[in-house]
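Asker: below are the sequence and a predicted model for it; my questions follow.
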Amino acid sequence: MEIDLADTCYFITYCCEIRKCCHQWKGSQMKPRVLALIAVVFWSTAASAFKLTLSWMTPYQLVLLASAVSTVALWTMILFRKKRFIEAGSCRKAIAKSAVRGLLNPFLYYLVLLEAYNELPAQIAMVINYLWPVVLMILSVPLLKQRITLKMAAASGISFCGIGVLALGGNPIGGQLPLLAIGLALLSTVIWALFWILNVRASGDAVRNLAESFVFGLLYLVIYGAISGKIPSIRGLDIHGIIGSIYIGLFEMGITFVIWYKALELSKTTSEVGNLIYLTPFMALVFIGSVVGEKIGLWTIAGLLMVISGIVLQGIRKRE
């Protein structure tokens, strides 16, 4: 068998170029952006996954199973990570903080949120839930002692007007919008904002903190199910509901947060990947329309644009 020298040189050059590209990929800012986009795509499917899975199981069943899957996934990733974080997790103060975070998320947050999704169109629940950065800004005034400015007040007003537009626009798929469910969706933004404040202020590895929170959250869910008599209801679950819960546990609650944290860790500035999160609700509407089959209303789009406008205005204030 004859070997052509020119072909050999071309092959060696080609391999060197591939290796060079790999090194450039490893050290470039493309990697955090790609990771951030992967997280955005997964989170964009969450509203559709919630709505479809809730057609096969109750909110409690979904939260319990998804939380269990997420807890296992998070601790598995921690065990197989190259970095091993040895933390003072055994001290009572750290355990107490994890217990409080677990009470907020996944226990209260997902139970409240999924009750809202169970009663509202997915597009309405999703837009309201996306209000949480504005709620976070408001809560930061009393909790983090931040000063509210005229621009902050204007940003909050614009976003909350967007929710008013949703309510006035009515149900895009017919019928009346239940006010209680809208209240639950708004309450979920408060719970998530509180969890976010506690999680950001927590010391140590973010992934481990999240995993510890899920351990306590899962414990609360089991206790709540035992007291309320909902534990027996998990028997004989439909396979579609189980698959949906596994997907939500992996790609809404667990792995996607790790991907997002990694993107932030690799980026030079958080704004490089943070701005990509604004794509999430618009992509979510595409999934809701195509997968769930909901007709996306013009009032929904108008309300979402107002919510996003307020968040963007708030972001401009932060960069200044």
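Answerer: Cool, got the structure. Residues are numbered from 1 along each chain as shown.

Asker: which helix or which strand is home to residue 158?
Answerer: Element membership of residue 158, judged by DSSP states H and E, is helix 150-169.

Asker: any idea how far the following helix or strand past that helix is from the chain center?
Answerer: Downstream of helix 150-169, the first helix or strand assigned by DSSP H and E is helix 179-201. With Cα atoms, centre = their mean, to the nearest Å as the basis, helix 179-201 stands 12 Å off its chain's centre.

Asker: now what about helix 179-201, what contacts it?
Answerer: For helix 179-201, contacts defined as Cβ atoms under 8 Å, 6 or more residues apart in numbering pick out 97, 100-101, 104-105, 108-109, 112-113, 115-116, 118-120, 124-125, 128-129, 131-133, 135-136, 139-140, 143-144, 163, 167, 206, 209-210, 213. C-beta: built from backbone N, CA, C; applies to glycine.

Asker: now do 7 Å
Answerer: 100-101, 104-105, 108-109, 112-113, 115-116, 119-120, 125, 128-129, 131-132, 135-136, 139, 143-144, 167, 209 (Cβ atoms under 7 Å, 6 or more residues apart in numbering).

Asker: give the other helices and strands that whichever strand or helix holds residue 300 contacts.
Answerer: Secondary structure from DSSP H and E places residue 300 in helix 298-319. Packing partners of helix 298-319 (3 or more Cβ pairs under 7 Å, 6 or more residues apart in numbering; DSSP states H and E): helix 122-129, helix 132-143, helix 150-169.

Asker: how about a cut-off of 8 Å?
Answerer: Applying 3 or more Cβ pairs under 8 Å, 6 or more residues apart in numbering; DSSP states H and E, one finds that helix 298-319 contacts helix 122-129, helix 132-143, helix 150-169, helix 279-287.

Asker: what angle do the second one and helix 179-201 make?
Answerer: Between helix 132-143 and helix 179-201, the angle comes out at 60 degrees (axes from the mean of the first three to the mean of the last three Cα atoms, to 10 degrees).

Asker: same deal with the longest one?
Answerer: Interaxial angle, helix 150-169 versus helix 179-201 (the same axes, to 10 degrees): 150 degrees.

Asker: could we number from 676 for the rest of this?
Answerer: From this message on, residue numbering opens at 676, which makes the last subject helix 825-844.

Asker: re the thing from before, now the helix holding residue 833 and helix 973-994, what's the angle there?
Answerer: Using the same axes, to 10 degrees: helix 825-844 against helix 973-994 is 170 degrees.

Asker: quick one: mean pLDDT over helix 825-844.
Answerer: Mean pLDDT, computed over helix 825-844, is 84.

Asker: nearest to residue 985, out of the helices and strands packed on helix 973-994?
Answerer: Set against residue 985 and scored by Cβ to Cβ, those come closest in helix 825-844, at 3.1 Å.

Asker: out of the helices and strands packed on helix 973-994, deepest packed?
Answerer: helix 797-804 (a mean of 27; mean count of other Cβ atoms under 10 Å).

Asker: give me the contact list for it.
Answerer: For helix 797-804, the surrounding residues in contact (Cβ under 8 Å, 6+ apart) are 722-723, 725-726, 788, 791-792, 795, 837-838, 841, 846-847, 852, 856-857, 860-861, 863-864, 867, 956, 959-960, 963, 967, 969, 971-972, 975, 978-979, 982.
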